[in-house]
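Peer 1: What follows is a protein structure lacking sequence information:
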C-alpha cells in the first residue's frame, strides 16, 4: 500500500475528530473575540468606578480575562497541531512511545499528543523539575 492511500485512510478514520476540532476552534475563536472586546471596552469597564478599590477590581478582572484568553490561545494552537497531524496521517500516535492513543482518550481530548501512560510520565517529570 502506498503512503498516499494510507494517509487518505487515516484522514477518513479521523473525519469525525477533524469536524469536532474545527467546531472547538470556531467556539474558542468566538469566545476569544468576546474576551478581547471586553478587555478593550473601557467605557463599560470603568463605568461606576469611584475609588482605588474599584480600579483594582477592574484590573483583577482584566487579568483573569487575559489568563483565560491565553488558555484559549494554547488550546487553539493544540487544535491547529492536531488538524495538521490528521492531514499528515500521524494523528492518534503517541509522541513519546509511538503507540496508538486510545479512542477514549482522543474522544475526551482530541488534541492529545500522548497516550495516558506517557502523559502521566511527562506530568511526573514536569512536577519533579518544578520542585
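Peer 2: Arrived safely, thanks for sending. Note that the structure is predicted; figures quoted are calculated from it, not measured.

Peer 1: so who does the residue positioned nearest the centre of the chain touch?
Peer 2: Central residue of the chain (CA atoms, centre = their mean): residue 75, 1.5 Å from the mean position. In this structure, residue 75 makes contact with 24, 28, 111, judged by CB atoms under 8 Å, 6 or more residues apart in numbering. Placement of C-beta: from N, CA and C, glycine included.

Peer 1: Please identify the helix or strand for it.
Peer 2: Assigned by DSSP states H and E, residue 75 falls within helix 52-88.

Peer 1: roughly how far out does that helix sit from the chain middle?
Peer 2: The chain centroid and the centroid of helix 52-88 are separated by 9 Å under CA atoms, centre = their mean, to the nearest Å.

Peer 1: Let me know the next secondary structure element after that helix.
Peer 2: With elements assigned by DSSP H and E, the helix or strand that comes after helix 52-88 is helix 103-108.

Peer 1: next structured bit after that next one?
Peer 2: As assigned by DSSP H and E, the chain's next helix or strand after helix 103-108 is helix 116-130.

Peer 1: got the buried residues for that next one?
Peer 2: 118, 119 (16 or more other CB atoms under 10 Å).

Peer 1: List the contacts of it.
Peer 2: Identification of contacts with helix 116-130 by CB under 8 Å, 6+ apart yields 94, 95, 96, 97, 102, 105, 112, 113, 114.

Peer 1: could you check the distance from residue 127 over to residue 121?
Peer 2: Applying CB to CB, to the nearest Å, the value for residue 127 to residue 121 is 11 Å.

Peer 1: any low-confidence regions in this structure?
Peer 2: The chain contains residues with pLDDT under 70 at 1-11, 42-50, 131.

Peer 1: How is it partitioned into domains?
Peer 2: Following automatic domain parsing, the chain resolves into domains at 1-91, 93-131.
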